[in-house]
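Asks: give me a model of this one.
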Amino acid sequence: MLYTVETSIPKYPFEPDSKTGNKFFRINRIDAAVSYVPEEFLTPHRKDYYFFAFVKQGRSRHWIDMQPYVLKENTFYFTVPYQVHMKEAAHPMTGIVFSFTREFLLTDGNDFLKNLPIIQNTYNGHELQLDEKDLAFVEDILGKIYAEYHTANEWQQTMLVSYVKVLLIYLSRLYTAQFSGTDSAPDRQVLKKYLSHIEGAYTHMHEVAAYAQLMNISAGHLSEVVKEQSGKPAIVHIHERIMLEARRLLFHTDQSIKEVAFNLGFEDAAYFNRFFKRLAGQTPVQYRTTIREIYH
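Replies: Below is the predicted model of the structure:
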């Protein structure tokens, strides 16, 4: 069987709400033990939608891209599409969870929502700390979203999008402050576009020049701007994305090294081995053995 990056780890699609019929957004309160079937534990999977959870109380342990998170009370968690999730255990939890598709982001009529920092997730963050003021705001706006969603009113969709927009703007402020170390991040439009292009093409485009051509700018200018805005050379972003997926596949699947290399755009498995060892300090086989000894 020929594996691909998309099919080797199961992908869970967004499930429309059976009660409201909403195909792009859903929100629910969690007030008890979360009900999972045993097969879902320690089973890696991807979601093809954005997922957000305000945890009022809880202590379950979840993994996102091989990073463990033990849920904390009064904390906000979030993920973006196609990251690898894994549930280790489920304990009683209270809070509110909501999710939405890429299509929902377009209902605002422009690209504003999809370009917000928490949606772009440039820093690959998943946990936001809430102080007393943040907690009051988040709980209040989530209550408004929940009430609007579960009550059939005129202009409901417009109200819903408006409330969610306010929440995502507020969370993006927290995201920028907590992950960038500054309240006034510089203009990151070039970097955002570059990272977005990498996300869509890293399995077959490995050179900065190819992305520069795609963006209609010179490779030199792209490299200079990306280094200035991120602190990293442009090529490093490509390599980091390839390595993230390589680690995912080595940890979560039984693909051969040759299959992993092919799925990531390497025609020569030997070159992939050298590439991986140069960046990780160990061969793909050594990494797979070590990581599984630690976490299995």
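
Asks: show me the shaky parts of the protein.
Replies: 1-8, 32-42, 89-90, 109, 181-188, 294-296 (pLDDT under 70).

Asks: who are the contact partners of the residue nearest to the spatial centre of it?
Replies: In the chain, the C-alpha nearest the mean C-alpha coordinate belongs to residue 80, at 2.9 Å (CA atoms, centre = their mean). Each residue near residue 80 by CB atoms under 8 Å, 6 or more residues apart in numbering is listed here: 50, 119, 121. Yep, even glycine has a C-beta here, placed from its N, CA and C like the rest.

Asks: buried subset of the residues you listed?
Replies: Among these, those classed as buried by 16 or more other CB atoms under 10 Å are 50, 119, 121.

Asks: quick one, what contacts the last one?
Replies: Contacts for residue 121 were tallied using CB under 8 Å, 6+ apart; they are 78, 80, 175.

Asks: nearest to residue 155 among those?
Replies: Among the contacts of residue 121, residue 78 lies closest to residue 155 (CB to CB), at 27.1 Å.

Asks: which ones are touching residue 11?
Replies: Residue 11 neighbours (CB under 8 Å, 6+ apart): 45-48, 82.

Asks: run the last query once more with 10 Å
Replies: Residue 11 makes contacts with 45-48, 81-82, as judged by CB atoms under 10 Å, 6 or more residues apart in numbering.

Asks: now neighbour count and secondary structure too, for those, in a markdown table please.
Replies: Formatted as a markdown table, these follow (neighbours: other CB atoms under 10 Å; DSSP: H, G, I helix; E, B strand; the rest coil):
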| residue | neighbour count | secondary structure |
| --- | --- | --- |
| 45 | 14 | strand |
| 46 | 20 | strand |
| 47 | 18 | strand |
| 48 | 13 | coil |
| 81 | 15 | coil |
| 82 | 16 | coil |
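
Asks: now the residues you listed in JSON lines, with distance to residue 289?
Replies: Shown next, in JSON lines, are the contacts of residue 11 (distance: CB to CB, whole Å):
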{"residue": "45", "distance to residue 289": "23"}
{"residue": "46", "distance to residue 289": "24"}
{"residue": "47", "distance to residue 289": "29"}
{"residue": "48", "distance to residue 289": "31"}
{"residue": "81", "distance to residue 289": "30"}
{"residue": "82", "distance to residue 289": "26"}
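
Asks: of the residues you listed, which pair is most distant in space?
Replies: Largest separation among the contacts of residue 11 by CB to CB: 45 and 81, giving 12.2 Å.

Asks: next SSE downstream of the host helix or strand of residue 85?
Replies: In this structure, residue 85 sits in strand 84-89 according to DSSP states H and E. Scanning forward in sequence from strand 84-89 by DSSP H and E, the next helix or strand is strand 92-100.

Asks: then that next one to PDB, C-alphas only?
Replies: C-alpha atoms of strand 92-100 as PDB (Å, rounded to 0.1, in the frame of the first residue of the first chain):
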ATOM      1  CA  PRO A  92     -14.000  14.900  34.400                       C
ATOM      2  CA  MET A  93     -13.900  18.400  32.800                       C
ATOM      3  CA  THR A  94     -16.100  21.500  32.800                       C
ATOM      4  CA  GLY A  95     -15.900  24.200  30.300                       C
ATOM      5  CA  ILE A  96     -17.000  25.100  26.700                       C
ATOM      6  CA  VAL A  97     -15.700  23.700  23.500                       C
ATOM      7  CA  PHE A  98     -16.300  25.100  20.000                       C
ATOM      8  CA  SER A  99     -15.000  24.300  16.600                       C
ATOM      9  CA  PHE A 100     -15.400  25.600  13.000                       C
END
